[in-house]
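K.L.:
Below is the sequence, then the predicted model.
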Protein chains: 2
Amino acid sequence: MSAPVLALVGATGAVGTVMIDIMNSRSAFPWGEVRLIASARSAGKKISVRGQELTVIELSPEAFDGVDIAMFDVPDEISAEWAPIAASRGAVAVDNSGAFRMDADVPLVVPEVNADAIADRPRGIIANPNCTTLSMMAALGALHREFELRELVVASYQAASGGGQSAIDRLYAELSALAGKGVGVEAGDVRSTLEAAGLPISDSPFPAPLALNVVPWAGSLKDDGWSSEELKVRNESRKILGIPDLKVSATCVRVPVVTTHSLAVHATFAREVTVEAAHKILEAQPTIVLVDDPAAKRFPTPADVVGEDPTYVGRVRQALDFPNTLDFFVCGDNLRKGAALNTYEIAEVLAARI
Amino acid sequence: MSAPVLALVGATGAVGTVMIDIMNSRSAFPWGEVRLIASARSAGKKISVRGQELTVIELSPEAFDGVDIAMFDVPDEISAEWAPIAASRGAVAVDNSGAFRMDADVPLVVPEVNADAIADRPRGIIANPNCTTLSMMAALGALHREFELRELVVASYQAASGGGQSAIDRLYAELSALAGKGVGVEAGDVRSTLEAAGLPISDSPFPAPLALNVVPWAGSLKDDGWSSEELKVRNESRKILGIPDLKVSATCVRVPVVTTHSLAVHATFAREVTVEAAHKILEAQPTIVLVDDPAAKRFPTPADVVGEDPTYVGRVRQALDFPNTLDFFVCGDNLRKGAALNTYEIAEVLAARI
């Protein structure tokens, strides 16, 4: 058969832009045609993909005719409406929104963990996980295959860019207002300094100052005080790893980092684990970089991982008081593996199997 | 007997300065005399305490003659040498360094948790806990009395000021170098921007950039990849709470916050817990402020807690998959309750009992 046709819906958005970078830098390129799709506002725009200038076309049912795989990097409500339309036109929709992730008829896929799940897609839709969950999946998937994961306690250090461009702009604006002001150690004047600079919290995408602060909130309020982000970490981890009774507690916290999510992970397994065995397993994963030599001050930090495809893992320790338990720290670029890259990798797996 | 004499060793340091603020703002003042002690370099300096100008005197054995209680806010090695000298001269030494915390003959005290432990002090020394541990002790102590604590998984969000004034200066210098530079989302250029601004990491008290970053490291390297800070959280929690077999895993992470440590806490108890019961207990503590209404975007953040004496607690949730377990978030000013205030409160308890 002829080379498959790939569509990218949301080609001009933040994740769509990273997606085009990925297409331009990937060594293999299995596509016969790439179709860039966006809202009417962006239609007509020219974008270069592998040296070819493509014109963005407007989202419509006909835009999917002849498309084999349609990647969606758009808000939940656009995906909810349009992914089924793409599927009805014969495309497989690979969706990066939250619209379908917990749909029992939609596989939720991280290729290095559960690539085979893509085969069973009754709705013609495959979902890409939430970026926070994704950051730890390659590591947990590899360790789970060997040691059988049972329990997970996670605290996140999430970057501003998880909230989109307006969130990044806000963080920079706050930093500029605070830098050099010598905000006192004793006086808690971050809020008042921001207000005086014309940056009241009411205008922010975050519910509190983010610069020189951390904010223990991401997403929307769900039952019993849990945030939507914390429940995604729980429910999506269970689905991707295929462990429906996995015990999970997550606390999701936004930190003043531009891009790359970090997670402190406390993972308990059914079988005995050692740091040595875990190192061996993690080092063998093509999508993981192990950086774990604290004596040489080597451990992952988000600023060093921006723009990188792999997940970085370090600080691997055997828990002193919990049997079969490892504590470790992971960093993953939430715009690459956490969003565009994983979606694209799903499309690549599909291309090889169509 | 006459009103006790209080000495403050390290009166001109960062914590000593906060200590003098506390003395000046405290409603009761049980001291007959306050003696300010520092190194020869600072001797002769005048500091106002409750409207009276005091002259700093040089550290010497004789400086402790007639002193009932001597508070030490100095580096470990100074405390190790001088606290026993103060004790030999008849003072009770209350030490804020790490020199004596795990000494079996030295009580480690948080007054609202284990005030009675001060009675048994064979060396004449009482230790003040590490600031990270302290941030969660009031909350855990109160919950432990009711539900019996068994297990603790903790991830920290530690402020720069835990590393002293040079650490604060470094954070501000990094912020100024990065703010307004529009450090790219795609390019991980925090390190190179700092280097270009004359701020190489080799000059930093932190092992990686702290601005626009988080650093999963605090303290020195101990056995099996654990940091000294992580082991302090474990060992000091056990000692203060009087639970020698408490299971603890901590991951300590530095964040770009000036002052106030935060902790994501996952605490498992012997008895059944509910959010409602926990709220009731926490609200009843005089040294805790409960800020827990995410629907109204109310939760503690470190920038809002700077300069405050109480510990702020919020995001209290019943773990969905772990029996008898609460997840919550605490913020405590690491220079006040985390250092000066708790030391001073120990001295106040002693004054009432001498």
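P.N.:
Nice, thanks for sending it over.
K.L.:
next helix or strand past the helix or strand where A:Met71 lies?
P.N.:
Under the criterion of DSSP states H and E, A:Met71 resides in strand A:69-72. For strand A:69-72, the succeeding helix or strand toward the C-terminus, using DSSP H and E, is helix A:76-88.
K.L.:
Next secondary structure element downstream of that next one?
P.N.:
Where DSSP H and E defines the elements, the next helix or strand beyond helix A:76-88 is strand A:92-95.
K.L.:
CA atoms only: put that next one into PDB for me.
P.N.:
Provided in PDB are the C-alpha atoms of strand A:92-95 (Å, rounded to 0.1, in the frame of the first residue of the first chain):
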ATOM      1  CA  VAL A  92      -7.400   6.800  13.300                       C
ATOM      2  CA  ALA A  93      -7.500   9.800  15.600                       C
ATOM      3  CA  VAL A  94      -4.600  10.100  18.100                       C
ATOM      4  CA  ASP A  95      -5.800  12.600  20.600                       C
END
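K.L.:
any idea how far that strand is from the chain center?
P.N.:
Relative to its chain's centre, strand A:92-95 lies at 16 Å (CA atoms, centre = their mean, to the nearest Å).
K.L.:
And the average pLDDT for the biggest helix by length in chain A is what?
P.N.:
Taking DSSP state H as the criterion, chain A has its longest helix at helix A:131-147. Throughout helix A:131-147, pLDDT has a mean value of 97.
K.L.:
Any buried residues in it, and which?
P.N.:
A:131-144, A:147 (16 or more other CB atoms under 10 Å in any protein chain shown). Glycine gets a C-beta too; all of them are placed from N, C-alpha and C.
K.L.:
which strands and helices sit next to it?
P.N.:
helix A:111-114, strand A:149-157, helix A:228-241, strand A:261-269, helix A:275-283, strand A:288-290, strand A:311-318, strand A:325-332 (3 or more CB pairs under 8 Å, 6 or more residues apart in numbering or on different chains; DSSP states H and E).
K.L.:
Let me know the helix or strand that A:Glu195 is in.
P.N.:
A:Glu195 belongs to helix A:190-196, assigned by DSSP H and E.
K.L.:
Which neighbouring residues are in contact with the closest residue to A:Gly98 other than its chain neighbours, exactly?
P.N.:
With sequence-adjacent residues excluded and distances taken as CB to CB, 6 or more residues apart in numbering or on different chains, A:Gly98 is closest to A:Asp76, at 5.1 Å. Listed by CB atoms under 8 Å, 6 or more residues apart in numbering or on different chains, the contact partners of A:Asp76 are A:Ser97, A:Gly98, A:Ala99.
K.L.:
Tell me how many other residues surround the last one.
P.N.:
Meaning A:Ala99. 23 (other CB atoms under 10 Å in any protein chain shown).
K.L.:
Check the second one too.
P.N.:
Per other CB under 10 Å, the neighbour tally for A:Gly98 reads 19.
K.L.:
My guess is it contacts A:Leu231. True?
P.N.:
No. Counting by CB atoms under 8 Å, A:Gly98 sits too far from A:Leu231 to count as a contact (10.9 Å).
K.L.:
How about the helix holding A:Glu195, which residues are buried there?
P.N.:
Buried, per 16+ other CB under 10 Å, within helix A:190-196: A:Val190, A:Arg191, A:Thr193, A:Leu194.
K.L.:
With stretch A:278-294 instead?
P.N.:
Those buried within stretch A:278-294 under the rule 16+ other CB under 10 Å are A:Ala278, A:Ile281, A:Leu282, A:Gln285, A:Thr287, A:Ile288, A:Val289, A:Leu290, A:Val291, A:Asp292, A:Pro294.
K.L.:
For that stretch, the averaged confidence score.
P.N.:
Mean pLDDT, computed over stretch A:278-294, is 98.
K.L.:
ok, now stretch A:255-274?
P.N.:
Mean predicted lDDT for stretch A:255-274 stands at 97.
K.L.:
and it, does that touch chain B?
P.N.:
Yes. Using CB under 8 Å from any CB of the partner chain, we find that stretch A:255-274 touches chain B at A:Val255, A:Pro256, A:Val257, A:Val258, A:Thr259, A:Thr260, A:Ser262, A:Ala264, A:His266.
K.L.:
just the residues you listed now: which is nearest chain B?
P.N.:
Proximity of the residues of stretch A:255-274 next to chain B to chain B (CB to the nearest CB) peaks at A:Ala264, which lies at 3.9 Å.
K.L.:
what bridges to that closest one?
P.N.:
A:Ala155, A:Phe329 (DSSP bridges).
K.L.:
ok, back up a step: of the buried residues of helix A:190-196, which ones also sit close to chain B?
P.N.:
Applying CB under 8 Å from any CB to the buried residues of helix A:190-196, those adjacent to chain B are A:Val190, A:Arg191.
K.L.:
now the buried residues of helix A:190-196 in JSON lines, with pLDDT?
P.N.:
Listed next are those as JSON lines, based on pLDDT from 0 to 100:
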{"residue": "A:Val190", "pLDDT": "90"}
{"residue": "A:Arg191", "pLDDT": "90"}
{"residue": "A:Thr193", "pLDDT": "89"}
{"residue": "A:Leu194", "pLDDT": "92"}
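K.L.:
For the buried residues of helix A:190-196, work out which two are farthest apart.
P.N.:
Using CB to CB, those span at most 7.3 Å, a distance reached by A:Arg191 and A:Thr193.
K.L.:
where does A:Ala117 land in three-state SS?
P.N.:
helix (DSSP: H, G, I helix; E, B strand; the rest coil).
K.L.:
who's in contact with the spatially closest residue to it that is not a sequence neighbour?
P.N.:
Among residues not flanking A:Ala117 along the chain, A:Pro107 sits closest, at 4.0 Å (CB to CB, 6+ apart). Neighbour list for A:Pro107: A:Asn114, A:Ala117, A:Ile118, A:Asp120, A:Arg121, A:Ile126, A:Ala127 [criterion: CB under 8 Å, 6+ apart].
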